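# sequence unknown, structure follows:
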Ligand SMILES: Cc1ncc(COP(=O)(O)O)c(C=O)c1O
Ligand SMILES: Cc1ncc(COP(=O)(O)O)c(C=O)c1O
């Protein structure tokens, strides 16, 4: 798996939107396997029209977030890969002082940030931030 | 009581709106007395914010409308005088082929014609037309 | 002569770009765009004529009331009903809720409410709530695996179930099917049912004559018919309408109020509590004028041209599966692409400038019946062109090949 | 520095004439006019950004959703609450109906709902319907013969009656009185009542901080706060709000739907069935910006100037009787003229270009308490001037002498 800087570069270096989405979908393919039994209703992110599952936990020893996820659509799964790379390994305080939204803005993936349910990026980001606030 | 042509002339000949309304209120004062016992809920025209009562009947011998009315406001009572002078003595078919609304338009009393409940001229005219349709 | 470019000129948004491509807007089933006369009317009202309606003694209020009520007359003329049979609401959803609430006193436990599997959630969930309140039971006319209802079976269901209420859409928002409502209404009335037609998709496209249809209720939304958001309509046959208990309560709809008791006005004002969407209703009058300005034959002929191009082109793409009735259709095609998620397809189409909708389209029972989770829906309006369809088909092929790499 | 002419320049309608006189608009309690930024925002949306919200995968829809939801954030900021505690409705009337419906499960027979005699019908009739459904009983805080409530007696009523719900206006639309809601809310909460504030007249005039007020619910209408018609708001503390059963049903508010059963979303979308007034909400965001652009101290200082001129001039006309609280007042004066019908006075004022309202102002119980059938009401907004008041007073004297001839 690439880290968030590598992911950023891998997308930003693409010429044209087709290439960009090709890369995004590739990132989705490279996400670590999400175990089928974890695809429960509770793990579903509500407010996405695509199906998105998240599993969130804190690494006891480091105090850092460990999050894995999956989606039934390829583009959302690729966008999810960006979000996961961004938040994975961050401590709670880091999660609150940084925002994956800026990465999306810089990559010109802005319309995915709408609170629209179409893709649900907004909902995924919110779910992670809420988890880190509540626990 | 003046007939509708006389009333029309008496208003149209006034200079300025103050004079016009003075004349309208005068017409109201000249309306034949409306017996208190007839001021029932059934006689009330609904849809007027001012109180307006109508008593409607057909003259058996001539087949013409006989309508009297009253209002608790002076201007509406004056406007009512115009309406009553217009419809009194008309047969049912005449009521349907003529319209007091044109008189109001010609006298430039247009805003009183709004379906607004403020003065209720519209409601009074409708009540008379409905009466002549239903009976 | 019908000139689609003259029509497009009335819709400035159609000239905009999306992701550096010309916009091709095929999401008209969700909401249509608004012609300039509608937009400018709303603006003009606020600039020069703004006032609250009905209770004003002053000029602006009388004028606003006259304009507002004049649109009720325009609508009455359009639908061929009486203006006192028309209630302004905020949308088709509210209209259906109002009716389902108003019919509460007429239902007994085990009475049947018959809908169809094609219904929008707005024509399902209010009836479920009514059923919860009264003990009534909901049944649905079934669709086949393409999403079409079987007419004879629907008639049999009406005759056998003897529903108290039959509430069906005139045209399906999910698939575009036009339902044979003339004869379904006739059958329903033959067994004494109250008939409700969800006209959200039919108002502008079919211009129904309600006097001929003879249904008891009809609802629609202005925003799907070239009008502003926040305006809906409800038609009800006067006796039935006026008999219903009030829905929302407040100003306008009352006759007399004391602290402990109120009496109510007659319909329609009985159902119009509070300050209405005055500017919206007045602007909607212009939308009806826009629709009426195009002869119906030219309207349908143009839409058929565009729709037939769309369908025949779609049928040449082997990965595409089409749903719905492709003959009696308001101009909406719902499809899936083999092995691809609708959202992936739509997201990439968007980058070509193409606006389509994905998902269940507020038609979950229909999606269940078709055993799919959703479709991609392209829905056309009078301003769409054959060239736009060509652009769409080109883009769709491109997107599919990108996804299949 | 506060410059009323700069503000007036934002309201083109204020420059129009009525009956060949300059318009003097004193009917702001019924609806305010809209500044240019509001009018142009709504137009711009239709011209360039129109789309339906929430379920779209395409650019225009995502963009419309972002704009629409951004206004919820702006409003949350203005009221000092969380955005998920805010529901968009079509007006204050609908908001109050929604709350009265939603509180149904909490009421038992003989529970008391306490309102005041100052309430607008919209804050009376929905509670009467709730009382009919549940067997609850409505009581009202009384007013004195000028229309003011007696604070100590109101507190005693709260303590003795122990109402389940206390629903009162922040400011009276009929008389302009500002009620001491801070302390009334405190008293109501002390006995465990649910508190509902009708803010239709206070939203723009008082800019309440709901976090400090700590009421459970608050409602208002956009059109009375420089925004478009057809938009209202409802604030509810989240737990209480989310617990309430849904009101209208249809698209958006559902989670899963089958033919026989549905489950619902969380608040606020649980209460926003159907396509909302998208353009209206987006334009309302500009209205909030307009209000916020004028510092509150300047706002109140200017209004006090105009109001004090109005009151002191009115008091020099001996035929005039004033009602209401003339100190704690949002800028509304209600009056009668001895021996004259309010409609006669207002009709003649109209010919001077002056827009006032007459009648019961949807306050029949208040009028009963004052033993009058109605008043003439002049209600000022931030754009009114001392010169306009002079014009009004001149016209009023003229009208009275015409009527007394
Ligand atoms: C105090 C008060 N409450 C409620 C309302 C109802 O508002 P709307 O008609 O916008 O729903 C009004 C408006 O007249 C009001 O002044
Ligand atoms: C068939 C049908 N019914 C009802 C509705 C609900 O309309 P609205 O969201 O405007 O209330 C829609 C809109 O999606 C529809 O297509």
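All right, it came through fine. Quick caveat, the model's predicted, so the values are computed rather than measured. Numbers count the residues shown, from 1 in each chain, chains lettered A, B, ... in the order given. Ligands and ions are numbered 1, 2, ... in the order given.

# okay, CA-based contacts and neighbour counts for the rest of this
Will do.

# what about the residue nearest to residue C:304 when sequence neighbours are not counted, how many neighbours?
Spatial nearest neighbour of residue C:304, excluding adjacent residues (C-alpha to C-alpha, 6 or more residues apart in numbering or on different chains): residue C:331 at 7.4 Å. Here the count is done by other C-alpha atoms under 10 Å in any protein chain shown, and residue C:331 has 28 residues near it.

# surely residue C:331 is in contact with residue C:307?
Yes. Checked against C-alpha atoms under 8 Å, the pair residue C:331 and residue C:307 is within contact range at 5.6 Å.

# okay, and the common contacts of those two?
When contacts are counted by C-alpha atoms under 8 Å, 6 or more residues apart in numbering or on different chains, residue C:331 and residue C:307 have residue C:380 as shared neighbours.

# helix or strand: which one has residue C:39?
helix C:36-44 (DSSP states H and E).

# quick one: is that helix near chain D?
Yes. Using C-alpha under 8 Å from any C-alpha of the partner chain as the criterion, contacts between helix C:36-44 and chain D involve C:39, C:40, C:43.

# of those, keep whichever come out buried.
Neighbour counting with 16 or more other C-alpha atoms under 10 Å in any protein chain shown marks C:39, C:43 as buried within the residues of helix C:36-44 next to chain D.

# export the residues of helix C:36-44 next to chain D as TSV, with columns for distance to residue C:210 and pLDDT.
Below are the residues of helix C:36-44 next to chain D laid out as TSV (distance: C-alpha to C-alpha, whole Å; pLDDT from 0 to 100):
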residue	distance to residue C:210	pLDDT
C:39	28	98
C:40	30	98
C:43	31	98
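
# could the residues of helix C:36-44 next to chain D go into CSV alongside distance to residue C:128?
What follows is the residues of helix C:36-44 next to chain D, written out as CSV (distance: C-alpha to C-alpha, whole Å):
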residue, distance to residue C:128
C:39, 37
C:40, 40
C:43, 40
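
# which strands and helices sit next to the helix holding residue C:39?
The elements that helix C:36-44 packs onto, with contact taken as 3 or more C-alpha pairs under 8 Å, 6 or more residues apart in numbering or on different chains; DSSP states H and E, are helix C:278-292, helix D:36-44.

# ligand 2 is nearest to which of the ones you listed?
Each of the helices and strands packed on helix C:36-44 has some distance to ligand 2 by C-alpha to the nearest ligand atom; the shortest is helix C:278-292, at 13.6 Å.

# any idea how far the closest one is from the chain center?
A distance of 16 Å separates the centroid of the chain from that of helix C:278-292, by C-alpha atoms, centre = their mean, to the nearest Å.

# that one close to chain D?
Yes. Helix C:278-292 reaches chain D (C-alpha under 8 Å from any C-alpha) through C:278, C:279, C:280.

# the closest residue in space to the last one that isn't next to it in sequence and ligand 1, how far apart?
Nearest residue to residue C:280, sequence neighbours excluded (C-alpha to C-alpha, 6+ apart): residue C:228, at 5.8 Å. Using C-alpha to the nearest ligand atom, to the nearest Å, one gets 18 Å for the distance from residue C:228 to ligand 1.

# related to what we said a few turns ago, make TSV out of the helices and strands packed on helix C:36-44 and add distance to ligand 2.
What follows is the helices and strands packed on helix C:36-44, written out as TSV (distance: least, C-alpha to the nearest ligand atom, whole Å):
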stretch	distance to ligand 2
helix C:278-292	14
helix D:36-44	18
